[in-house]
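> Predicted model and sequence below, questions to follow.
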There are 2 protein chains.
Amino acid sequence: MPQRPRRSQDERSDETRTALHRATIRLLLDRGYSRFTTADAAAAAGVSRGALTHHFASKEDLVVRSVAQDLAGVTEGLRVFLAEGRGRRRGPDELVDHLWALMAGGLFYVTMEYLPEARHNAPFRERLLPVVRDFHAALDALWCSVSDAHDLDPAEAQVTLNATLCLMRGMVAQSVLKPDESYFAAMLDHWKAHLRALFARSAGAGDIPGPSHAGRHHSPPVPNPEVP
Amino acid sequence: MPQRPRRSQDERSDETRTALHRATIRLLLDRGYSRFTTADAAAAAGVSRGALTHHFASKEDLVVRSVAQDLAGVTEGLRVFLAEGRGRRRGPDELVDHLWALMAGGLFYVTMEYLPEARHNAPFRERLLPVVRDFHAALDALWCSVSDAHDLDPAEAQVTLNATLCLMRGMVAQSVLKPDESYFAAMLDHWKAHLRALFARSAGAGDIPGPSHAGRHHSPPVPNPEVP
DNA sequence: ATAACAATACAGGCTTGCCTGTTTGTAAGT
DNA sequence: ACTTACAAACAGGCAAGCCTGTATTGTTAT
């Protein structure tokens, strides 16, 4: 047993809360909302049930705050990805691949777990609304940076990039009961072509935004990494 | 109390099962899978719990068979809609509006209720797989009839129309926590333009497939009718 | 400095309510 | 008569919230 290094109260609380946040998202992904119990969350986080009830008023409170933390991490990751791309001359294909890896890698599976609960549980929904509002606002800001960098029509780019995420949400949802890799690969390729057309329409210098036909049909095969 | 008209055993069974099917879908839509109980389903159908257990081996059995019935009704309704359109010269806008009314009117909300369960409950998923496989096969057949009627490239139309549904799935999912009508209307208009381009590319006589700019921004405002 | 006190962090048992599958009993059709 | 359709009570399990008890950290008065 290692000697406890005398953490401050705030440190203790932060560590406990973070452990519970991560365990919650993990369990939502692995077992789903209906199978998710506060006891399991505490056990997975390595803390007691009492610790959980001390920091979180209810199961809903735990989930809402865990989701908020998770989404904050997602926007930050996306911001970094786009900032990196500022230097290199990345086209829409890489963006699609990145977003798909993100969504199909667990992000939207987690969302699908709490959406039904949000639909039927008004207090829960009310607490989630500002969380997702902020998330969508952050996304819109990121889309603006994309349309800026590539000299696109901002309004059109906004709609198109949000549609990209909607398409992927639908694809991930369908993937639960449609185990057909090629089906989704073809759809992503179709969408990449659509985005290339949008990017090519831009008034910018005639740079080639990405592979126009050569590099098709190699969308990444739905990985299943863990969501942080 | 009306005199019982002496129904045959098969009639009795059919009526009971149908009532339970309809009640199940209704309750899934109204209260969600986690709040859905077999007792409520029986009560909503106006039968006893004993009747339910007699006709359905388990809760999962009830849900799977109810969903199968529901999807059969959906394909039939879609078939009729497309058959009607054969005479008039309908463009993609009407198809989008119809599909959106269908999806946002409850169909995909119901789907969102059982998808998480399917993701975590292997036996349940195995029973659903053939059901949705048949549904998707029926859809593909319908898409073929569309590409035939409008002289489109079959493969391209297939992907595009399936993408239409995926987009709408994502939109309906997002609509749970994003109460922004205009956001979705703009997205549908964007997609209609995309489909008009596809339809216009067809080798057919230069008919105008639909309003190219005039009639935009009037997508139907997410009705919420009951799913049969 | 340090002892007393206060506040916060954590631990775990208990209770209550609910839901599913089962079983036993009754009525309607063949 | 005998099978099928329906009815309702029963039993077992499980999970959320509550509550009481303990340990650790922070504060203040001497």
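That came in fine, so what should we check first? None of the values given here were measured: they were computed from a predicted structure. Numbering: from 1, shown residues only, chains lettered A, B, ... in the order given.
> Quick check: what element follows the one helix or strand in chain A whose mean pLDDT sits lowest along the chain?
Least confident helix or strand of chain A, by mean pLDDT, DSSP states H and E, is helix A:9-31 with a mean of 91. For helix A:9-31, the succeeding helix or strand toward the C-terminus, using DSSP states H and E, is helix A:38-45.
> In CSV, list the C-alpha atoms belonging to that next one.
Only the C-alpha atoms of helix A:38-45 are listed here, as CSV (Å, rounded to 0.1, in the frame of the first residue of the first chain):
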residue,chain,number,x,y,z
THR,A,38,-24.6,3.9,-10.3
ALA,A,39,-23.1,1.0,-8.4
ASP,A,40,-21.3,-0.2,-11.6
ALA,A,41,-20.1,3.3,-12.3
ALA,A,42,-18.6,3.6,-8.8
ALA,A,43,-17.0,0.2,-9.0
ALA,A,44,-15.5,0.9,-12.5
ALA,A,45,-14.2,4.2,-11.2
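> residue ranges with poor pLDDT in chain A?
Low-confidence segments of chain A (pLDDT under 70): A:1-6, A:202-228.
> Okay, domains of it per the record?
As recorded under automatic domain parsing, the domains making up chain A are A:9-56, A:65-228.
> Of those domains, which is nearest chain B?
Closest approach to chain B among the domains of chain A (Cβ to the nearest Cβ): domain A:65-228, 3.1 Å. Just so you know, the C-beta spots here come from the backbone N, C-alpha and C atoms, and that holds for glycine as well.
> hmm, that closest one touching DNA strand D?
No: Domain A:65-228 lies out of reach of DNA strand D by Cβ under 7 Å from any atom of the strand, never closer than 10.2 Å.
> Check the offset of that domain from the chain's centre.
8 Å (Cα atoms, centre = their mean, to the nearest Å).
> Report the separation between the spatially most central residue of chain A and A:Ala19.
Centroid-nearest residue in chain A, with Cα atoms, centre = their mean: A:Leu107, separated by 4.2 Å. Taking Cβ to Cβ, to the nearest Å as the measure, A:Leu107 falls 20 Å from A:Ala19.
> give the contact list for A:Glu15.
A:Glu15 makes contact with A:Arg7 under the criterion Cβ atoms under 8 Å, 6 or more residues apart in numbering or on different chains.
> Give me the spatial nearest neighbour of A:Phe135, chain neighbours excluded.
Distance criterion Cβ to Cβ, 6 or more residues apart in numbering or on different chains; nearest residue to A:Phe135, sequence neighbours excluded, is A:Leu71 at 4.6 Å.
> how many neighbours does the closest residue to DNA strand C within chain A have?
Nearest residue of chain A to DNA strand C: A:Gly50, at 1.8 Å (Cβ to the nearest atom of the strand). Applying other Cβ atoms under 10 Å in any protein chain shown, we find 9 other residues in the vicinity of A:Gly50.
> Now do the buried residues in the helix or strand hosting it.
For A:Gly50, the host element (DSSP H and E) is helix A:49-55. Buried residues in helix A:49-55, defined by neighbour count with 16 or more other Cβ atoms under 10 Å in any protein chain shown: A:51-52.
> Tell me how far A:Arg7 lies from chain B.
36 Å (Cβ to the nearest Cβ, to the nearest Å).
> Name all residues that make contact with that residue.
By Cβ under 8 Å, 6+ apart, the contact set of A:Arg7 is A:Glu15.
> Of all the domains of chain A, which one comes closest to B:Leu95?
Proximity to B:Leu95, assessed across these by Cβ to Cβ, is greatest for domain A:65-228 (16.6 Å).
> The closest one vs DNA strand C: in contact?
No: contact of domain A:65-228 with DNA strand C (Cβ under 7 Å from any atom of the strand) is absent, the minimum separation being 12.5 Å.
> Perfect, that will be all.
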